[in-house]
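Visitor: My questions are about this predicted structure, shown below with the sequence.
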Amino acid sequence: MRFLFVRHGHKAHGAGNDQPLTERGEQEARDMGRFLVRQGIVPDLIVHTGKKRTRKTAELLLEALAPARVPVKDGGSGFRSGCTLAELEARLDRWVALGEGEVGTLLFVGHCKQQQACLARLGAPAGVEVQTHDRTVLVYTQGEHGWELGPWWVDGQEGAGGAAC
């Protein structure tokens, strides 16, 4: 299985917990989508947290992947930053069940707490320090010996692999 974590683009400031993307955030989402296209990665399912900014990021990623037709689903709140690897994998299994048919590549659009969990439990890019505010695409593949980080994109910087956990 391949799991892609995408941290939503820049959000608007304001009261409440459901701010939309700014114009900059929309451009970042398009840039992340173009990265996926360059990598030849098309997910079988896109899941987001249901917040305006993650939903819009998912929609803009899908536009970049056109003409591919990928289902987009609201997957709920995701997982917490301090979760165990088993808890993270259980959430992935629940999301895979939302798919229409076999899901070999799952893309999740989330927030900084999920980004922290991915970096801590699945691996981090080699040679770059990822901050919790960075717009990020992390591509993980589950293999015989656990999870391995493949191509990544962090605020416009790209790389080909990562450091194992």
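Guide: Arrived safely, thanks for sending. Numbers count the residues shown, from 1 in each chain.

Visitor: G143 versus the closest residue to R55 other than its chain neighbours, what's the distance?
Guide: Distance criterion CB to CB, 6 or more residues apart in numbering; nearest residue to R55, sequence neighbours excluded, is H48 at 5.2 Å. For every residue, glycine as well, the C-beta is placed using N, CA and C. In this view, H48 and G143 are 26 Å apart by CB to CB, to the nearest Å.

Visitor: So for those two, which sits in the more crowded spot?
Guide: Neighbour count, other CB atoms under 10 Å: between H48 and G143, H48 has more, with 26 against 9.

Visitor: Just confirm that one contacts V109, I think it does.
Guide: Yes. Assessed by CB atoms under 8 Å, H48 is found in contact with V109 at 4.2 Å.

Visitor: Identify the contacts common to the two.
Guide: 54-55, 57-58 (CB atoms under 8 Å, 6 or more residues apart in numbering).

Visitor: Which members of the residues you listed are the farthest-apart pair?
Guide: Greatest spacing in those, by CB to CB: R55 and T57 (7.3 Å).

Visitor: Dig out what the residue nearest to R55 forms beta bridges with.
Guide: For H48, the beta-bridge partners are D74, V109 (DSSP bridges).

Visitor: Just give me the longest helix of this structure.
Guide: helix 23-39 (DSSP state H).

Visitor: Quick check: mean pLDDT of it?
Guide: The predicted model assigns helix 23-39 a mean pLDDT of 95.

Visitor: Now do that helix: distance to the chain's middle.
Guide: Computed by CA atoms, centre = their mean, to the nearest Å, the chain-centroid distance of helix 23-39 equals 12 Å.
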